[in-house]
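Novice: Sharing a model that was predicted from the sequence below.
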Amino acid sequence: MSSGPRVAGRPVEDPDVASVVCDAEMIEGALETLAVLIVSQLKDFSVFVPVATGAMTFASDLTRQCYVTQRVVRDDVVRTYARPVIACATCASYGDGTSSEGAKVDVRAPGAEVVRGRKVVILEDIIDSGRTAMALAKVLYEQGAEEVALIALMDKRERRDPEATKYFEEKNMKIACAFLCPDEFVVGYGLDYQGKYRDLPFVGILKPEIFAGEGGEK
Ligand SMILES: O=P(O)(O)OC[C@H]1O[C@H](OP(=O)(O)OP(=O)(O)O)[C@H](O)[C@@H]1O
C-alpha cells in the first residue's frame, strides 16, 4: 500500500512545522504492524469506531490496510477475520477552553443496534488524557458491547489522566499504540490546530509562534 502523497520522492515539509515526529514511511510501517495485530489478535472484533474528526485519516488508511492484510495473508487464523462494520463516533470535550484538564466529554456513539453483543475497536489518532477514549468506551459498554479495545496512532502517555488508566485496567482493555508522542503540540495526519493541518501526510510539532498566546493543547 502506498504511504500517501509524494512528489517525485522528495520529502514533504511544511513551513509551520518545527520537526517531524512520524514521517509517511514510519506511518506506513505502523499501519502494516497494526493491521497484522488486528487481523490476527482482534479477528473477532467486528465493529470499528473511528473517533471523528481526528482519527478519520488514520482509520481510513488502517481499515483498508486490514482488508489488504487479511486478503493477502492466507492462514487459518486470518481466514476467520470478521468483516467489520465501520461507524464513526464524535466526541467533543468541553471545559475551560484551551486545555482538556478537567473537561467533560460529550459522546455520540454509533447506535446500540450496531454495537450490542459485538466486540468493538475504538480507533483514535491520539490518546492524550485518555478521557475521550474512556468516555466512548463507557457508552459502548452501556450499549451492550461485549468487549471494547483501543487502537491509536499516537500515545501521549505522560499526560494520561489516572482515572482513565484505572478504567482501562479495570476493563482489561486491549490497547495498542504505534508511537509514543512527545508532550508537544503535534499536528498532521488528522491532528489539527483550529481545524487546520489535518491534511499533512506526516505528524509534526507545530512551531510555537503559530499558537503563541493561546495556551494550546495537543
Ligand atoms: O485523550 P484525550 O485528552 O481525550 O484527547 C484525545 C482526543 O483529542 C483529539 O480530538 P479533539 O477533541 O481535538 O477533536 P478532533 O478529533 O475533532 O480533532 C483526538 O482526536 C482525540 O479524539
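Specialist: That came through fine. Here the structure is a predicted model, which means the values were calculated and not measured.
Novice: Find the centremost residue of this protein, please.
Specialist: Closest residue to the average C-alpha location of the chain: residue 124 at 1.8 Å, with Cα atoms, centre = their mean.
Novice: I'd say that residue and residue 55 touch.
Specialist: Yes. Residue 124 is in contact with residue 55 according to Cβ atoms under 8 Å; the separation is 5.4 Å. Where C-beta positions appear, they are placed from N, C-alpha and C, glycine not excepted.
Novice: now whatever residue of the chain ends up closest to the ligand, nearest residue through space, not along the chain?
Specialist: Nearest residue of the chain to the ligand: residue 54, at 2.6 Å (Cβ to the nearest ligand atom). Nearest residue to residue 54, sequence neighbours excluded (Cβ to Cβ, 6 or more residues apart in numbering): residue 125, at 4.1 Å.
Novice: any chance you could read off phi and psi for that neighbour?
Specialist: Residue 125 adopts backbone torsions of phi -70, psi -40, taken as degrees, to the nearest 10.
Novice: That one: how many residues sit nearby?
Specialist: Residue 125 has 25 neighbours, counted by other Cβ atoms under 10 Å.
Novice: ditto for the one 5 residues further on
Specialist: Using other Cβ under 10 Å, residue 130 is surrounded by 27 other residues.
Novice: How about it, nearest residue that isn't a chain neighbour?
Specialist: Closest to residue 130 by Cβ to Cβ, 6+ apart is residue 164, at 3.0 Å.
Novice: So what's the residue count around the one you found?
Specialist: That count, for residue 164 with other Cβ under 10 Å as the rule, works out to 19.
Novice: what secondary structure does it sit in?
Specialist: Classification of residue 164 by DSSP: H, G, I helix; E, B strand; the rest coil places it in helix.
Novice: Quick check: what element follows the lowest-mean-pLDDT helix or strand in the chain along the chain?
Specialist: Lowest on mean pLDDT, DSSP states H and E among the helices and strands of the chain sits helix 76-79, with a mean of 62. Of the helices and strands lying after helix 76-79 in sequence (DSSP states H and E), the nearest is strand 85-86.
Novice: who does that next one touch, helix- and strand-wise?
Specialist: Helices and strands touching strand 85-86, by 3 or more Cβ pairs under 8 Å, 6 or more residues apart in numbering; DSSP states H and E, are strand 47-52.
Novice: List the contacts of the helix or strand following the strand it packs on.
Specialist: Next in sequence after strand 47-52, counting helices and strands by DSSP H and E, comes helix 56-72. Here helix 56-72 makes contact (Cβ atoms under 8 Å, 6 or more residues apart in numbering) with 1, 4, 27, 31-32, 34-36, 38-39, 48, 50, 78, 81, 84, 86, 88, 123-125, 151, 153, 189-190, 198.
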